[in-house]
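# sharing a model prediction with you, sequence too.
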Amino acid sequence: MNLVSRPKSETAGHDRKRGITAAHLLSLTALVLLGLLGCAPSGETEASERPNVLLIVTDDQPAATVRHMPKLRETVGERGVSFGRAYLTDPLCCPSRATILTGKYTHNHGVTNNHHRKGGARKFREEGLHRDTIGTRLGEAGYATGYFGKWMNGYEGRHVPPGWGRWFAFSGNLNRPDSYEVNSDGRQRTFPREQNETDLLGEEAEDFVRGHRNEPWLAVVATHAPHGPYWPPERHEDSFDGVKLPRTPAFDEDDVSTKPEAYRRPPLSGKEKRKLRRAYEGKLEALQGVDDLVGGLVGALKETGQLDNTYVVYLTDNGYLLGEHRHEAKGKPYEGSIRTPLLVRGPGVPAGETRGQLVGNVDLAPTIAGWTGARPPENPDGRSLAPLLTTSPPGSWREALLIEHFVGSDWTGLRTLTHTYVEHEGGDRELYDMREDPYQVDNIHERADEDLLKTLEGRLDELKDCAAEQCREAEG
Ligand SMILES: [Ca+2]
Ligand SMILES: [Ca+2]
């Protein structure tokens with residue numbers, strides 16, 4: 001049923017010239033009825049059939065590795081929109097996951113760390129944040145909901161957060177070589193390592209999407225891959241043997257004298273470089289399992305006739321520096337750490353397009369709420385990405401996105417279309433001109449234009465404590 005954008009053959013030629021026909025009258029009547037019911041079609045989507053949402057979140061994935069994921073690129077990227085400036089507003093597992101689930105910045109949700117007392121699954125629960133997430137909101141709106149994979153660090157025990165009808169979450173220590181545990185709807189299950197964790201998530205999530213084909217659903221699939229230790233499926237264990245590390249100008253940065261004092265370290269040793277190379281190989285091989293998972297899920301959606309009515313969203317919780325600026329790390333304000341792949345396909349989303357607007361994980365909850373007609377979690381700081389997912393995105397969009405981190409030495413900063421500006425606890429400052437210096441090897445803070453610095457400082461001042469509408473206003 002497509003009442004608005006009727007096939008060309010129906011509207012073109014003599015049929016159109018005849019004026020109002022019986023078919024037109026029927027269509028108009030149906031439109032009026034749909035309008036009265038409050039479910040008139042909007043854009044190219046059929047609002048009468050509420051869309052499904054499949055949200056795939058990986059763990060510690062450098063954005064550039066997406067080019068080694070052919071199934072993801074073919075089935076999501078080339079069929080949807082890829083964002084070139086998508087960021088994790090706080091590039092660490094738990095703060096980022098809390099942001100994805102609630103639409104709030106770390107300074108508002110307060111899960112600043114991966115570990116109890118400042119973070120982790122316990123903090124998320126103790127603060128009551130688990131009671132107001134995309135899961136609870138879509139559940140209230142009549143969606144079937146399922147969560148598969150990594151919830152938050154330190155998650156264990158029998159507790160199942162509200163809002164998730166199907167719960168299949170990794171539990172306890174994920175680094176054990178022989179086995180791993182899953183809380184499946186409150187029941188503890190142990191799986192041997194031979195049963196690959198990513199394959200298992202794919203199978204469980206596939207069962208879920210096949211089983212709910214007749215009702216709208218939200219499925220979050222949060223892989224442990226490509227977080228270390230690396231557990232690629234056996235069939236991919238040799239896929240990238242001996243692969244070389246990407247050597248961008250940021251790799252083992254030549255001169256770190258203008259980097260913040262806490263970040264300066266000697267050049268990478270041969271041993272460190274070998275370790276980084278092995279980590280890169282491990283990530284790429286583990287990601288082949290994720291690529292299969294994406295391909296399998298999209299295949300299942302197609303087979304069950306749900307693909308055209310499902311939004312598929314792909315991102316990571318944080319990036320990972322593999323030797324850039326001499327670090328193996330997340331939680332740093334640099335591109336390799338804060339940038340995420342963000343690919344979106346779904347009803348009305350144009351195929352094979354890219355967007356350069358500044359977007360963040362903070363935008364996902366409002367976006368998903370908007371797609372589904374659910375209410376977003378209370379007072380989200382982000383904004384819906386829906387306007388960017390049309391064939392005619394708006395001319396103006398946010399001019400700056402807040403980035404922040406509260407572990408070790410704190411920092412807050414801004415990513416704008418042209419610059420990255422960071423204020424470190426202790427007084428160090430960084431400023432990079434992203435047009436001239438995309439690899440962030442030349443900190444120009446000491447010689448930057450005063451007016452530019454004033455503008456950036458002023459905007460960061462407004463954003464670092466902002467909430468909800470204030471954030472959207474201060475972002476420009
Ligand atoms: Ca992570
Ligand atoms: Ca290998």
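Sure thing, it's come through. Ligands and ions are numbered 1, 2, ... in the order given.
# what's the local residue count around the residue of the chain found nearest ligand 1?
In the chain, the residue that lies nearest ligand 1 is Cys93 (3.5 Å; Cβ to the ion). Backbone N, C-alpha and C define where each C-beta goes, glycine included. When neighbours are defined as other Cβ atoms under 10 Å, Cys93 has 25 of them.
# contacts only, for it.
With contact taken as Cβ atoms under 8 Å, 6 or more residues apart in numbering, Cys93 is in contact with 59-60, 114, 152-153, 317-318, 330.
# at 6 Å instead, please
Under the criterion of Cβ atoms under 6 Å, 6 or more residues apart in numbering, the contact partners of Cys93 comprise 114, 153, 317.
# out of those residues, which are close to ligand 1?
When Cβ under 5 Å from the ion is applied, the members of the contacts of Cys93 adjacent to ligand 1 are Asp317.
# could I get the contacts of Cys93 as CSV with secondary structure?
As requested, the contacts of Cys93 are arranged in CSV below (DSSP: H, G, I helix; E, B strand; the rest coil):
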residue, secondary structure
Asn114, coil
Asn153, coil
Asp317, coil
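# neighbour-wise, give me the winner out of the contacts of Cys93.
Asp317 (27 neighbours).
# surely that one and Ser96 touch.
Yes. Counting by Cβ atoms under 6 Å, a contact exists between Asp317 and Ser96, whose distance comes to 4.3 Å.
# quick one: which of the contacts of Cys93 is nearest Gly186?
Distance from Gly186 was checked for each of the contacts of Cys93 by Cβ to Cβ. The minimum falls on Asn153, at 20.1 Å.
# what sits closest to the closest one if chain neighbours are left out?
Of all residues not flanking Asn153 in the chain, Asn114 sits nearest, at 4.1 Å (Cβ to Cβ, 6 or more residues apart in numbering).
# list the contacts of the one you found.
By Cβ under 6 Å, 6+ apart, the residues touching Asn114 are 93-94, 120, 153.
# for these, which two are the farthest from each other?
The largest separation in the contacts of Asn114, counting by Cβ to Cβ, is between Cys93 and Gly120 at 9.2 Å.
# pull out the buried residues from the longest helix anywhere in the chain.
Taking DSSP state H as the criterion, the chain has its longest helix at helix 270-303. Taking 16 or more other Cβ atoms under 10 Å as the neighbour-count basis, helix 270-303 is seen to contain the buried residues 272-273, 276-277, 279-298, 300-301.
# check whether that helix comes near ligand 1.
No. Legend: contact between helix 270-303 and ligand 1 by Cβ under 5 Å from the ion is lacking; minimum distance shown is 11.8 Å.
# adjacent strands (with direction) for the next helix or strand after that helix?
For helix 270-303, the following helix or strand on the C-terminal side (DSSP states H and E) is strand 310-316. For strand 310-316, sheet partners with direction are given as strand 52-58 (parallel), strand 342-345 (antiparallel), following DSSP bridges.
# got TSV for these, with mean pLDDT, mean neighbour count and distance to ligand 1 too?
Conversion of these to TSV gives the following (pLDDT from 0 to 100; neighbours: other Cβ atoms under 10 Å; distance: least, Cβ to the ion, whole Å):
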stretch	mean pLDDT	mean neighbour count	distance to ligand 1
strand 52-58	99	25	8
strand 342-345	99	26	15
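# let me have those strands in TSV, extended by distance to Glu234.
Output for these, formatted as TSV (distance: least, Cβ to Cβ, whole Å):
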stretch	distance to Glu234
strand 52-58	20
strand 342-345	27
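# one step back: can you check what angle separates the longest helix of the chain from strand 310-316?
Comparing the axes of helix 270-303 and strand 310-316 via axes from the mean of the first three to the mean of the last three Cα atoms, to 10 degrees yields an angle of 180 degrees.
# does Glu462 belong to a helix, a strand or coil?
Each residue gets one of three states, and Glu462 gets helix by three-state DSSP.
# and the stretch 51-200 of the chain, which residues reach ligand 1?
For the stretch 51-200 of the chain, the residues in contact with ligand 1 (Cβ under 5 Å from the ion) are 59-60, 93.
# the residues you listed in helices, which ones?
Within these, membership in helices is found for Cys93, as judged by DSSP H.
# so what sits opposite the residue nearest the centre of the chain in the bridge?
For the chain, Leu315 is the residue whose C-alpha lies nearest the centre (Cα atoms, centre = their mean; 3.4 Å). When bridges are taken as DSSP bridges, the partners of Leu315 come out as Val57.
# hmm, it is touching Leu343, no?
No. When contacts are counted by Cβ under 6 Å, Leu315 is not listed as touching Leu343 (7.8 Å).
# and the pLDDT at the closest residue to Lys275 other than its chain neighbours?
Here the nearest residue to Lys275 in space, its sequence neighbours aside, is Glu328; by Cβ to Cβ, 6+ apart that works out to 7.4 Å. Glu328 is assigned a predicted lDDT (pLDDT) of 98.
# okay, now Glu328: neighbour count?
If we define neighbours as other Cβ under 10 Å, then Glu328 has 15 of them.
# cool, and Asp238?
A count of nearby residues for Asp238, using other Cβ under 10 Å, gives 11.
# helix or strand: which one has it?
Element membership for Asp238, per DSSP H and E: none, as it lies in no helix or strand.
# how about it, nearest residue that isn't a chain neighbour?
Here the nearest residue to Asp238 in space, its sequence neighbours aside, is Glu285; by Cβ to Cβ, 6+ apart that works out to 7.9 Å.
# show the contacting residues for the one you found.
Neighbours of Glu285 in contact, by Cβ under 6 Å, 6+ apart: 232, 236, 239-240.
# report the buried members of the residues you listed.
Applying 16+ other Cβ under 10 Å to the contacts of Glu285 flags 232, 236, 239-240 as buried.
# distance to Thr198 for the residues you listed - can I get that in JSON lines?
JSON lines is the format used below for these (distance: Cβ to Cβ, whole Å):
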{"residue": "Pro232", "distance to Thr198": "8"}
{"residue": "His236", "distance to Thr198": "10"}
{"residue": "Ser239", "distance to Thr198": "14"}
{"residue": "Phe240", "distance to Thr198": "16"}
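# tabulate the residues you listed in JSON lines, adding columns for secondary structure.
Supplementary listing: the buried ones among the contacts of Glu285 in JSON lines, determined by three-state DSSP:
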{"residue": "Pro232", "secondary structure": "coil"}
{"residue": "His236", "secondary structure": "helix"}
{"residue": "Ser239", "secondary structure": "coil"}
{"residue": "Phe240", "secondary structure": "coil"}
